[in-house]
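Colleague: Sequence plus predicted model, see below.
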Amino acid sequence: MSHSPAPEHQLPVTPAPAAGTLPPLLIRQITTCVRILQIGPGSDITRQLAALSGDTPFRSVQPDLAGVESVRATLGPCSRNRSLVDIHIGDLAHGRPDQAPYDLIVSTVPVKGIPRAWLGQLAKGGALAVPLALAGRHPWVVAENRRSGLRARLLTEGADYWPVPVAGPLYPEGGDTPASRPSLPAPDPGTRRLSAVGALREDQWADLWAYLAIHHPDLVTVARVDGRRHWGQTIALVDGRHAVYVRPDGLWATSDRRRAKLLADQAEKAILHWGWAHRPRLPWWVAELAHATESAGGLLLPDRWHIDRIRVEYPAC
């Protein structure tokens with residue numbers, strides 16, 4: 001299902017940085033006229049990609065006719081902007097090799113890991129942007145095809161209002177999101193500890209979450225807390241029936257049991273180490289994909305994260 005370009009119908013870049021849109025940090029570093037592949041259903045991201053692709057239709061791969069219609073509906077009624085996209089039905093995990101390579105590949109579905117097929121379809125200097133599962137969230141991660149090799153970089157925490165991941169090649173066992181998972185147990189007020197988190201600016205909470213997520217990926221999650229609706233989504237360290245919540249007014253454990261106290265000690269120590277490391281920002285974290293762990297389903301799971309403050313750059317087409 002291919003369409004010829006229609007430059008008279010260019011779409012504006014959506015300015016909102018909410019979930020369902022590309023992060024502004026990525027938008028600012030991409031020039032127009034790039035070769036683009038969208039993987040997954042249509043959303044506000046589709047409009048942004050149409051604007052970035054210039055006079056050349058961007059490519060899209062959908063799992064079924066419903067996905068095709070979601071892209072068409074996003075681009076507008078009566079075929080007004082349908083010529084901006086070339087849609088193909090196929091397996092999302094395979095990408096679209098017939099039109100590769102691409103300067104930019106964007107997944108509009110959350111993934112458990114990065115398929116090798118997507119990385120193999122990147123042009124030199126290209127970038128793959130995906131909402132990747134990490135410590136209870138799906139932050140935007142950019143995989144870059146650099147001269148030194150493939151690497152992944154955390155880009156933004158994201159609002160994470162993605163659809164609940166269903167079991168499939170991109171998410172073998174299915175998953176959940178902070179909004180969909182059950183509330184965590186209520187805290188015990190008598191366990192509250194004061195900590196350094198109260199001194200954080202609002203924009204540093206994502207930085208703290210990233211540090212905790214990278215150092216304690218099996219413990220950290222984000223969810224609502226039972227009986228604390230005003231808290232909203234909260235960073236938590238969870239081990240079985242025990243949890244500790246990281247809040248601006250301190251650390252709150254679910255009990256005074258030994259395991260809960262150990263979790264609070266771990267959270268307190270990690271927050272101190274984050275401060276001693278000069279509070280590294282979320283986008284500074286990178287992982288070399290050559291050292292990534294490969295899951296049984298063939299997905300690459302970035303690990304060995306380390307700090308690299310070099311700014312992400314993408315070449316003009």
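Modeller: Structure's in. What do you need? Residues are numbered from 1 along each chain as shown.
Colleague: all contacts plus neighbour counts: C-alpha atoms, from now on.
Modeller: Will do.
Colleague: so for stretch 105-118, what's the average pLDDT?
Modeller: Average pLDDT, stretch 105-118: 92.
Colleague: Can I get it as PDB, trimmed to CA atoms?
Modeller: Presented in PDB, the C-alpha positions along stretch 105-118 are these (Å, rounded to 0.1, in the frame of the first residue of the first chain):
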ATOM      1  CA  ILE A 105      13.200   4.200  13.400                       C
ATOM      2  CA  VAL A 106      10.500   4.900  16.000                       C
ATOM      3  CA  SER A 107       8.400   2.300  17.800                       C
ATOM      4  CA  THR A 108       5.000   3.500  19.000                       C
ATOM      5  CA  VAL A 109       4.600   0.300  21.200                       C
ATOM      6  CA  PRO A 110       6.500  -0.400  24.400                       C
ATOM      7  CA  VAL A 111       9.100  -3.200  24.100                       C
ATOM      8  CA  LYS A 112      10.800  -5.500  26.600                       C
ATOM      9  CA  GLY A 113      14.000  -5.400  24.600                       C
ATOM     10  CA  ILE A 114      15.400  -4.200  21.300                       C
ATOM     11  CA  PRO A 115      15.000  -6.600  18.200                       C
ATOM     12  CA  ARG A 116      18.300  -7.100  16.300                       C
ATOM     13  CA  ALA A 117      16.300  -6.700  13.000                       C
ATOM     14  CA  TRP A 118      15.500  -3.100  13.900                       C
END
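Colleague: got the buried residues for that stretch?
Modeller: The neighbour-count check on stretch 105-118 (16 or more other Cα atoms under 10 Å) flags 105-115, 117-118 as buried.
Colleague: Please give the centre-to-centre distance between the longest helix seen in the chain and its chain.
Modeller: Longest helix of the chain, by residue count under DSSP state H: helix 258-276. A distance of 26 Å separates the C-alpha centroid of helix 258-276 from that of its chain, computed with Cα atoms, centre = their mean, to the nearest Å.
Colleague: Stretch 161-180 too?
Modeller: Relative to the centre of its chain, stretch 161-180 is centred 12 Å away, using Cα atoms, centre = their mean.
Colleague: do the same with stretch 267-280
Modeller: Centroid separation for stretch 267-280 versus its chain: 23 Å, with Cα atoms, centre = their mean.
Colleague: All the strands of the stretch 151-300 of the chain, in order from the start?
Modeller: 220-223, 234-239, 242-247, 250-253, 285-288, 293-294, 299-301 (DSSP state E, counting those that start in this stretch).
Colleague: ok, residue 155 - contacts?
Modeller: 23, 25-26, 139-142, 282-283 (Cα atoms under 8 Å, 6 or more residues apart in numbering).
Colleague: out of those, which are buried?
Modeller: For those, buried by 16+ other Cα under 10 Å: 23, 26, 139-142, 282-283.
Colleague: Which of these fall in strands?
Modeller: Using DSSP state E, the subset of the buried ones among the contacts of residue 155 located in strands is 140-142.
Colleague: Could you list the low-confidence segments of this structure?
Modeller: Applying pLDDT under 70 to the chain flags residues 1-20, 28-33, 77-83, 159, 296, 310-317.
Colleague: Pull the number of nearby residues for the closest residue in space to residue 287 that isn't next to it in sequence.
Modeller: The shortest distance from residue 287 to any non-neighbouring residue, by Cα to Cα, 6 or more residues apart in numbering, is to residue 305 (4.6 Å). Residue 305: 18 surrounding residues under other Cα atoms under 10 Å.
Colleague: where's residue 305 relative to residue 148, distance?
Modeller: Distance check for residue 305 against residue 148: by Cα to Cα, to the nearest Å, it reads 16 Å.
Colleague: Likewise for residue 52?
Modeller: On the measure of Cα to Cα, residue 52 and residue 148 end up 27 Å apart.
Colleague: and if you look at residue 231?
Modeller: Residue 231 is 43 Å from residue 148, by Cα to Cα.
Colleague: more neighbours, these two?
Modeller: residue 231 (12 against 7).
Colleague: residue ranges for the strands of the stretch 1-150 of the chain, please.
Modeller: 36-39, 58-62, 85-89, 102-107, 114-115, 122-131, 140-146, 149-156.
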